[in-house]
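*Asks:* Please work out how this folds:
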Amino acid sequence: MLHACSFIVRDKLDKFQRDDCFLGECLEIWRELGEESPSQFQDIISNRSKAAITPAMMAANLLDHRFCGKNLMPVEVSAAMDYLKSLSPEIIPEVTKYMAYQHPYLPEVFTECYQDVVPSLWWKSGIKRGFSETLASLAGTLVSAVGSSAGLERYFSNLGLTYGKLRSQLGSEKAGILAFLYRQLNKK
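*Replies:* All right, here's what the predicted structure looks like:
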């Protein structure tokens, strides 16, 4: 049973550590982990997810057009709204319209054909549809935050391979470009 659980956790960790795993998606992964884990690990995972899921993550999940907070419990929606209010109280009426699919946040912009659109681009393009610029700016920032520092750590590791004691003559700008190219060439 422990072996089966380790595969589930491994798969979820792989998702968390992708460069394109945004904060809102992390909440969904935590929920999947809780649902898919064997019953004897439920309490451990539940306690850990309570510590890991923050109001910022809840707000990002709420404002991510792919999820719209559908898996948030009412208390989590309240925590997300309180968090958003603490950042910018004037956006709360717009968030309420967004949650109710009221103009300009109409149901057709939440359909399946938009599911592959990167959340920050969805918000940016929404400005042309009449979305609140203030909300779009804040939401764009929240939904584009990654849930793990693993990608950044990989970048610095690659930078260390291209710029070090042996290559100290290489300028920092060129080293950064080489590290970027190395990452691009080695993407799966």
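
*Asks:* Surely residue 58 is in contact with residue 69?
*Replies:* Yes. Residue 58 lies in contact with residue 69 (Cβ atoms under 8 Å); the separation is 7.4 Å. Just so you know, the C-beta spots here come from the backbone N, C-alpha and C atoms, and that holds for glycine as well.

*Asks:* Identify the contacts common to the two.
*Replies:* By Cβ atoms under 8 Å, 6 or more residues apart in numbering, residue 58 and residue 69 have these common neighbours: 76, 77, 80.

*Asks:* Name the SS class of the first one, please.
*Replies:* Put simply, residue 76 is helix when judged by DSSP: H, G, I helix; E, B strand; the rest coil.

*Asks:* Contacts only, for it.
*Replies:* 53, 58, 69.

*Asks:* Need the per-residue pLDDT for it.
*Replies:* Predicted confidence (pLDDT) at residue 76: the value is 96.

*Asks:* Distance check, it against residue 27.
*Replies:* 9 Å (Cβ to Cβ, to the nearest Å).

*Asks:* circling back to that earlier point, out of the contacts of residue 76, which are inside helices?
*Replies:* Using DSSP state H, the members of these that fall within helices are residue 58.

*Asks:* May I ask which of the contacts of residue 76 has the most neighbours?
*Replies:* For these, counting by other Cβ atoms under 10 Å, the largest number of neighbours falls to residue 58: 26 neighbours.
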